[in-house]
Structure formats: C-alpha cells, structure tokens
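K.L.:
how would this look folded up:
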Amino acid sequence: MCVGLVMHVKYLLAAAAVLSLSMSLAAPARADFVLTFDESGGCSYTSATIGSGTCASQFIADPSANPLTTAKVLVFTLPELTWSGNVNIFEPDGVTISDRLRWIPSLTPPNNSSSACIQAPGVAACALYMIFYSVDELSGLTAGATQSSAIEKADGTFDYKVGGAGTNEYLGFSPVPLPAALPLFATGLGASGLLGWRRKRKTAV
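P.N.:
Predicted structure coming up:
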C-alpha cells in the first residue's frame, strides 16, 4: 500500500515536470534588456543574455506600415527581439503628448506593422526596431491608439517599463525645447543692453 502511494507520488511529480518543461518550451522568447536612448540618436543597452553594448540608429522616413508623419524619424535597432506596439510619452502634465515609441519587425513591407506581434499569451516576440517620434520636433504627428503610456519628467527624461512578462525597460531623454520666442527675446535684451552701453559711453565722452 505504501509502495503504491510512493509510486503514485513519483508519477505525479514526473508528470508535473514534463508539463512544466512543455510550457516553458511553448512560451514565446522574450528578451530582458534596458535600452537607454535620446533624441540625438545615442543608444546603448544592457542585456541579461548578451551583455552590454551600443545599438545602431538611423534617421529615415517613417518605415512603419501606417506612418504617423511624413518627416524623418529616429529608428533604433534593438539588441534582441521584443513585441510590437505603440506607447505614448506624456509631458509632466499627463495630458500633452511629448513623444511616441513604436516597435516593428522590419523596415520594409510586409512585415513593418506595429501590430505584427502584440504581447499576448502564445504570441512570439518579433520586433527588432523601435521608432522614436518626437512631437516637439515633428509637425502633423497623429496620436493614435497605444498599448500603454509613460510620464516624462521635468528634465525631459522618461522611464517606460514593459508590463507583464519580461523586464524590458526603456530610458529615454527628450530635452524640453525652448519656446520659439525665447531666443528672439534674449537677442532683444542683448541689443538693448548694447545700445544702453553705447549711449552711456557717448555721454561720458
């Protein structure tokens, strides 16, 4: 009786091990990395599987299947595959869109859709490129629907962490642009100061 119980327990444990192995093999591959990037095209990464390094970037026309702008955008090559999708980065007010991130598998059709492999059970990661749309620099950028969002800090940095499985993290830097009139205002102040100095000098002479 006791021997039969032990055998039954061993059978159950073996079955659980096989089930666990089969589930792990069926699970989609997911990279765990931290990507640090900025509006100038600088990009580096730290990966749990391949270590650290720099990633390539290019300034090209929006390569996605449904472009958000006709202007050129920054495209980063990721160190490992991840899921596709879209994320809005909001200004500190939580309302105004500052930037947008988009992940796509390819830079050319037909595999350049941001909905190619959206994160879901049984869906394998396929995206190798991340598009960085800076609303500060682009005109006519459409907001569109996104899977998630993050809030930009006052210094222009933001930290987007992927929810669910995996621990991918995106650390971006999008400098807050000066108001268009500010440089002109500064120039005006400089000119006024120079005129005042010349008048004082003339009076003294």
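
K.L.:
contacts and neighbour counts: CA atoms only from here.
P.N.:
Fine.

K.L.:
quick check: domain ranges of the protein?
P.N.:
For the chain, automatic domain parsing gives the domain ranges 27-173, 179-205.

K.L.:
between these, which gets the lowest average pLDDT?
P.N.:
Confidence, taken as mean pLDDT, is least for domain 179-205 of the domains of the chain (a mean of 47).

K.L.:
Could you check how far W83 is from E91?
P.N.:
Distance, W83 to E91, by C-alpha to C-alpha, to the nearest Å: 25 Å.

K.L.:
more crowded one of those two?
P.N.:
Just comparing W83 and E91: by other C-alpha atoms under 10 Å the higher neighbour count belongs to W83, 26 against 19.

K.L.:
wait, isn't the more buried one in contact with G122?
P.N.:
No - with the criterion set as C-alpha atoms under 8 Å, W83 and G122 do not qualify as a contacting pair; they are 11.8 Å apart.

K.L.:
Quick one: list the elements packing against the helix or strand hosting G172.
P.N.:
Assignment of secondary structure by DSSP states H and E places G172 within strand 169-173. Judged by 3 or more C-alpha pairs under 8 Å, 6 or more residues apart in numbering; DSSP states H and E, strand 169-173 is in contact with strand 33-38, strand 157-161.

K.L.:
and those strands, which is most packed in?
P.N.:
Comparing the helices and strands packed on strand 169-173 on average neighbours per residue, with mean count of other C-alpha atoms under 10 Å, the densest one is strand 33-38 at a mean of 21.
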